Structures are given as structure tokens and as C-alpha cells.
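Undergrad: sequence first, then the predicted structure:
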Amino acid sequence: MASALTIRPQSGWIGAEIHGIDLTAPLLEEHVAEIRAALLKWKVVFFRDQFIGHDDHLRLARAFGSPTPAHPLFDSIPDPEYPTIYPIFADRFKARYGS
């Protein structure tokens, strides 16, 4: 039996931190169910101190359905193996438009 995750609400209305899971490892069905329930209840979930690669990110996403293309108007990461990952970084606008 899988150990239960620790879910810590961040406010009275929205957001929760989830602890007790390693997102670089395959996900257990019980953990996916707990994460789904937390997401439905708290609308936003945070996994602190998780350093995951693209494959880990996609494994997590696929546990909840089929990932869709990153964005119809903006670029995904410049790797054809990951068309569903949309990069977010501080200088995104500057890198795209040059200023």
C-alpha cells in the first residue's frame, strides 16, 4: 500500500502544497488519485523542491490525460520531442522579440 501524501492548504480558498512524492519516479495510482482530489478541491497545487526533466513533467501530465500542444501562437521548447511543453522563463518576451 502506498503511503499517503501530505497536502497542506495555502489559504482558505485556493492552493495547496503536496509533499511526500518524488516526481522523478513513476507515479502510483493511489498518489494520482490524491493529487487529482487535491487539484479539484484546491484548484492549484504546488510541488516544492522538485527538480524534474521534460520526461518527468510529461509523465505527470499523462497521469491526468493527454497533453495538448504547448500553445497555438507561441513556440514550444525547441525540441521536436516535446511539442507539448511551453517554456516559462524570466526573459521570454525579450528572447522572442529582442527588447
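TA: Structure received.
Undergrad: so where do the strands sit in the protein?
TA: Per DSSP state E, the chain carries strands over the ranges 6-9, 16-19, 45-46.
Undergrad: low-confidence stretches in the protein?
TA: Low-confidence regions of the chain, defined here as pLDDT under 70, cover residues 1-2, 72-78, 92-96, 98-99.
Undergrad: and with 50 instead?
TA: Applying pLDDT under 50 to the chain flags no residue at all.
Undergrad: my guess is residue 17 contacts residue 48, does it?
TA: Yes: using C-beta atoms under 8 Å as the test, residue 17 is close enough to residue 48 to be in contact (5.9 Å). Bear in mind the C-beta positions are built from the backbone N, C-alpha and C, glycine included.
Undergrad: quick one, which of the two is more surrounded?
TA: Neighbours of residue 17 and residue 48, each counted by other C-beta atoms under 10 Å, are more numerous for residue 17; the result is 15 against 8.
Undergrad: residue contacts, that one?
TA: When contacts are counted by C-beta atoms under 8 Å, 6 or more residues apart in numbering, residue 17 is found next to 7-8, 10, 45-48.
Undergrad: quick check on those: which are buried?
TA: Restricting the contacts of residue 17 to buried positions leaves 7, 45, with burial counted as 16 or more other C-beta atoms under 10 Å.
Undergrad: just name the closest of the contacts of residue 17 to residue 30, please.
TA: Checking the contacts of residue 17 against residue 30 by C-beta to C-beta gives residue 7 as the nearest, at 13.3 Å.
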